[in-house]
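S.K.: Let me see the structure of the following:
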Amino acid sequence: MSMDDLLGLLRVHVHRGVNLAIRDLRSSDPYVIVRMGKQKLKTRVVKKNINPVWDEDLTLSILEPLPVKLEVYDRDLFSADDKMGDAEFDFKPFLEAVRMRLSDDLPNNTIITTVKPTRTNCLAEESYITWTDGRVIQNMVLRLRNVECGEIEIKLRWIDVPGRNRM
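M.R.: Numbers count the residues shown, from 1 in each chain. So this is what the prediction gives:
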């Protein structure tokens with residue numbers, strides 16, 4: 001990967017999980033893996049909690065807007081970690097909003113774009129791309145697939161790479 005190809009950095013704030021699946025006796029020890037292309041990042045494990053709060057920032061280097069996949073696992077000490085569902089999100093609408101190069105005189109929390117849940121995306125509800133505190137932000141609630149229940153709340157933020165003007 002050369003710096004010339006780098007569009008910027010996508011900061012994925014993994015806020016919390018809601019009503020995650022139980023994989024141990026009465027609870028789970030969940031963590032999240034975020035994957036895009038060859039990049040793989042991981043949150044810490046939250047012990048015995050099906051409504052965990054991670055509040056962690058994971059940062060992906062973006063060369064092209066590939067889909068981002070989230071996978072939730074239950075940490076097990078003596079066996080392979082159990083899957084607790086997965087979700088995928090497309091950040092092209094977010095990137096388009098970043099590329100608008102909006103000005104600082106926009107009112108705080110102005111909605112730039114609304115992304116609606118569809119059969120093909122994992123959104124549990126409408127996702128708003130907003131101008132908040134002088135930057136483009138997107139909040140998402142992702143419904144986990146391949147599992148009986150669970151949602152993950154995340155927030156996207158863009159970080160420009162110094163000296164890059166192509167965005």
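S.K.: Point out where this structure drops to low pLDDT.
M.R.: Across the chain, the ranges flagged by pLDDT under 70 are 1-4, 163-167.
S.K.: just the strands in the protein please.
M.R.: Assigned by DSSP state E, the chain shows strands spanning 8-18, 30-36, 39-42, 53-62, 68-74, 82-89, 110-115, 127-132, 135-143, 151-159.
S.K.: Indicate which one of these is closest to residue 102.
M.R.: Residue 102 lies closest to strand 127-132 among the strands of the chain, at 5.6 Å (Cβ to Cβ). (Glycine included, C-beta is placed from N, CA and C.)
S.K.: Save the strands of the chain as JSON lines, and put in distance to residue 97 too.
M.R.: Shown next, in JSON lines, are those (distance: least, Cβ to Cβ, whole Å):
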{"stretch": "strand 8-18", "distance to residue 97": "13"}
{"stretch": "strand 30-36", "distance to residue 97": "19"}
{"stretch": "strand 39-42", "distance to residue 97": "22"}
{"stretch": "strand 53-62", "distance to residue 97": "14"}
{"stretch": "strand 68-74", "distance to residue 97": "16"}
{"stretch": "strand 82-89", "distance to residue 97": "14"}
{"stretch": "strand 110-115", "distance to residue 97": "5"}
{"stretch": "strand 127-132", "distance to residue 97": "5"}
{"stretch": "strand 135-143", "distance to residue 97": "5"}
{"stretch": "strand 151-159", "distance to residue 97": "9"}
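S.K.: need those in JSON lines with mean neighbour count, can you?
M.R.: Below are those laid out as JSON lines (neighbours: other Cβ atoms under 10 Å):
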{"stretch": "strand 8-18", "mean neighbour count": "20"}
{"stretch": "strand 30-36", "mean neighbour count": "22"}
{"stretch": "strand 39-42", "mean neighbour count": "15"}
{"stretch": "strand 53-62", "mean neighbour count": "17"}
{"stretch": "strand 68-74", "mean neighbour count": "21"}
{"stretch": "strand 82-89", "mean neighbour count": "21"}
{"stretch": "strand 110-115", "mean neighbour count": "14"}
{"stretch": "strand 127-132", "mean neighbour count": "20"}
{"stretch": "strand 135-143", "mean neighbour count": "21"}
{"stretch": "strand 151-159", "mean neighbour count": "20"}
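S.K.: Point out the one among the ones you listed that comes closest to residue 101.
M.R.: Of all the strands of the chain, strand 135-143 comes closest under Cβ to Cβ, at 9.7 Å.
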